[in-house]
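J.: sequence unknown, structure follows:
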């Protein structure tokens with residue numbers, strides 16, 4: 001890999017070459033370097049080609065080829081640039097056309113993005129040629145030269161093919177296709193979605209399962225296995241195993257063993273001790289509003305949280321409890337709650353803005369005996385299934401302990417809550433169990449918005465909810 005200093009030197013030489021300011025000795029030295037250094041040759045070719053793309057005037061190129069003897073009233077740097085662009089295929093010793101693929105799209109926005117394994121530039125505003133983008137965090141917007149626009153929602157991998165086609169290898173995208181791009185398509189392993197001027201969401205996994213949701217207009221879903229073409233309109237969904245696999249996650253046989261031992265309180269150093277929901281009588285789960293028969297979420301590797309005024313039957317609240325029996329008779333000097341964010345794979349992140357979450361402590365200790373394998377929307381602590389604010393607990397039975405935020409598109413990392421309210425709540429405990437309720441206060445902006453998720457003690461690879469305490 002070239003050093004930054006070498007790259008800057010080559011950029012300066014490219015600029016001086018285009019402007020005709022290289023001496024004969026510098027030209028000979030540069031020629032020799034590019035003949036013997038493949039990395040320098042490739043970088044110099046890219047730099048010169050980019051310069052030519054930015055400055056080349058097609059009318060000037062015509063003047064140069066049709067009337068070479070006629071003086072042209074333009075600055076020399078434009079003439080040199082045009083000449084460089086026109087002669088790029090002739091200077092074989094200095095250029096390789098393989099390094100100048102045509103661009104077909106632009107990375108117009110990158111919010112909270114982290115990338116890995118991409119073959120294309122990932123800087124906001126970059127022009128994109130055919131290649132792959134792998135997004136592991138955040139939201140990224142690609143605008144194709146046809147006018148079609150897609151929002152990548154991490155984790156997602158997209159292969160840019162041309163101005164009218166791309167391939168979603170894994171993850172979720174939301175596409176917005178204007179009339180100018182009718183026929184824009186997104187390919188997956190098992191299907192090809194062709195858009196006819198609309199807005200739709202598409203998700204797919206490594207196993208090929210996929211789901212298409214039409215938000216506006218119409219799409220055609222070409223199923224590769226059967227050659228069937230299915231037409232979908234606004235509000236319709238075509239689900240081939242995606243939603244079910246996300247709603248009912250299964251633990252694989254070769255999953256790593258849970259690192260957290262159920263009968264252990266860990267030493268955090270500096271007087272801190274760490275309890276997870278896997279210790280003693282700890283527990284974690286969530287509830288979901290629904291008119292369907294109640295479902296048990298206690299064995300899921302994450303608990304989900306959502307607030308939706310658009311779809312009230314999809315609100316969710318998280319419940320977690322810590323066993324404090326080992327601290328009986330002691331006072332807490334400080335405390336901190338730690339939650340690990342987990343990709344939920346449900347809903348569209350682009351339809352939920354930066355979100356605020358509220359953490360409540362259950363003050364009605366008669367309800368601390370809830371069971372994670374029996375927690376439902378009809379029967380849950382500090383919960384009234386008929387109250388208007390379905391995403392919040394019953395105010396008379398809880399105490400607000402604090403809030404934290406998660407930026408739009410963030411699907412990794414941890415969030416902590418610390419302060420006097422948390423410490424004082426723990427110090428009022430009399431039965432050795434502290435129950436917390438997690439709610440999202442931020443509404444979605446469109447139907448099908450993201451469901452946030454956090455790891456539970458059933459997660460094999462993520463840290464479960466933790467309570468760090470200092471006790472005397």
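T.: Thanks, I have it. This is a predicted model, so every value here is computed, not measured.
J.: Domain map for the chain?
T.: 4-99, 105-245, 259-471 (automatic domain parsing).
J.: Now tabulate the ones you listed in JSON lines and tack on mean neighbour count and mean pLDDT.
T.: For glycine as for every other residue, the C-beta is placed from the backbone atoms N, C-alpha and C. What follows is these, written out as JSON lines (neighbours: other CB atoms under 10 Å; pLDDT from 0 to 100):
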{"stretch": "domain 4-99", "mean neighbour count": "14", "mean pLDDT": "60"}
{"stretch": "domain 105-245", "mean neighbour count": "18", "mean pLDDT": "93"}
{"stretch": "domain 259-471", "mean neighbour count": "19", "mean pLDDT": "92"}
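J.: the strands in the stretch 251-400 of the chain, which residues?
T.: 266-269, 272-276, 283-288, 302-305, 316-323, 332-342, 355-362, 398-406 (DSSP state E, counting those that start in this stretch).
J.: can you list those in CSV and add distance to residue 134?
T.: Below are the strands of the stretch 251-400 of the chain laid out as CSV (distance: least, CB to CB, whole Å):
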stretch, distance to residue 134
strand 266-269, 35
strand 272-276, 32
strand 283-288, 30
strand 302-305, 23
strand 316-323, 29
strand 332-342, 19
strand 355-362, 25
strand 398-406, 22
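J.: I'd like to know which of these is closest to residue 147.
T.: Set against residue 147 and scored by CB to CB, the strands of the stretch 251-400 of the chain come closest in strand 355-362, at 30.6 Å.
J.: Can you list the strands that the closest one pairs with?
T.: Strand pairing for strand 355-362, using DSSP bridges, gives strand 398-406 (antiparallel), strand 433-440 (antiparallel).
J.: going on from the longest one, what's the next piece of helix or strand?
T.: Looking back up the chat, that one is strand 398-406. Sequence order places strand 414-418 as the next helix or strand after strand 398-406, per DSSP states H and E.
J.: what are the pairing partners of that following strand, and which direction each?
T.: By DSSP bridges, strand 414-418 pairs with strand 332-342 (antiparallel).
J.: what distance separates the partner strand from the centre of its chain?
T.: 24 Å (CA atoms, centre = their mean, to the nearest Å).
J.: same question, stretch 451-458
T.: 16 Å.
J.: which residues touch stretch 438-447?
T.: 215, 303, 305-311, 317-320, 339, 347-348, 351-360, 391-393, 403, 450, 452, 454 (CB atoms under 8 Å, 6 or more residues apart in numbering).
J.: between the strands paired with strand 355-362, which gets nearest to residue 383?
T.: strand 433-440 (8.3 Å).
J.: what is the orientation angle of that closest one with strand 272-276?
T.: Put simply, strand 433-440 runs at 70 degrees to strand 272-276, going by axes from the mean of the first three to the mean of the last three CA atoms, to 10 degrees.
J.: could you point out which element follows strand 433-440?
T.: strand 452-455.
J.: so what strands line up beside that next one?
T.: Within its sheet, and counting by DSSP bridges, strand 452-455 is paired with strand 302-305 (antiparallel), strand 332-342 (antiparallel).
J.: List the contacts of it.
T.: Under the contact criterion CB under 8 Å, 6+ apart, strand 452-455 has outside partners 301-306, 318, 339-344, 346, 355, 357, 406, 438, 440, 462-465.
J.: isn't residue 233 right up against residue 218?
T.: Yes. Contact criterion CB atoms under 8 Å: residue 233 and residue 218 qualify, at 5.2 Å.
J.: Would you format the strands paired with strand 355-362 as a markdown table with distance to residue 332 included?
T.: Formatted as a markdown table, these follow (distance: least, CB to CB, whole Å):
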| stretch | distance to residue 332 |
| --- | --- |
| strand 398-406 | 13 |
| strand 433-440 | 10 |
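J.: returning to that earlier point: including distance to residue 432, could the strands paired with strand 452-455 go into CSV?
T.: Shown next, in CSV, are those (distance: least, CB to CB, whole Å):
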stretch, distance to residue 432
strand 302-305, 22
strand 332-342, 13
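J.: Quick check: which of those strands is nearest to residue 3?
T.: Across the strands paired with strand 452-455, closest to residue 3 is strand 332-342 (CB to CB), at 37.0 Å.
J.: Ends of stretch 454-462, what's the gap?
T.: End-to-end span of stretch 454-462 (CA to CA, to the nearest Å): 9 Å.
J.: Spatially, what comes nearest to the most centrally placed residue in the chain if we skip its sequence neighbours?
T.: Geometric centre of the chain, nearest residue: residue 154, 2.1 Å, by CA atoms, centre = their mean. Distances taken as CB to CB, 6 or more residues apart in numbering place residue 135 nearest to residue 154, at 4.5 Å, with adjacent residues excluded.
J.: quick one, what contacts that neighbour?
T.: Contacts of residue 135 (CB under 8 Å, 6+ apart): 113, 114, 115, 152, 153, 154, 155, 156, 157, 158, 171.
J.: In the stretch 101-250 of the chain, mark out all the helices, start to finish.
T.: Ranges of helices in the stretch 101-250 of the chain, per DSSP state H, counting those that start in this stretch, are 242-247.
J.: Which parts of it are strands?
T.: With DSSP E, counting those that start in this stretch, the ranges of strands along the stretch 101-250 of the chain come out as 105-115, 127-128, 131-144, 149-162, 165-176, 185-187, 191-195, 199-204, 210-216, 218-223, 229-233, 237-240.
J.: Switch those strands over to JSON lines; also include distance to residue 433.
T.: What follows is those, written out as JSON lines (distance: least, CB to CB, whole Å):
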{"stretch": "strand 105-115", "distance to residue 433": "36"}
{"stretch": "strand 127-128", "distance to residue 433": "54"}
{"stretch": "strand 131-144", "distance to residue 433": "35"}
{"stretch": "strand 149-162", "distance to residue 433": "36"}
{"stretch": "strand 165-176", "distance to residue 433": "38"}
{"stretch": "strand 185-187", "distance to residue 433": "49"}
{"stretch": "strand 191-195", "distance to residue 433": "48"}
{"stretch": "strand 199-204", "distance to residue 433": "38"}
{"stretch": "strand 210-216", "distance to residue 433": "39"}
{"stretch": "strand 218-223", "distance to residue 433": "49"}
{"stretch": "strand 229-233", "distance to residue 433": "48"}
{"stretch": "strand 237-240", "distance to residue 433": "39"}
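J.: Just tell me which of those ends up closest to residue 39.
T.: Closest to residue 39 of those is strand 131-144 (CB to CB; 19.2 Å).
J.: what number of residues lie near residue 102?
T.: Residue 102: 10 surrounding residues under other CB atoms under 10 Å.
J.: what's it in contact with, if anything?
T.: Taking CB under 8 Å, 6+ apart, we find residue 102 in contact with residue 129.
J.: Mind pulling up the pLDDT for it?
T.: Looking at residue 102, its pLDDT stands at 90.
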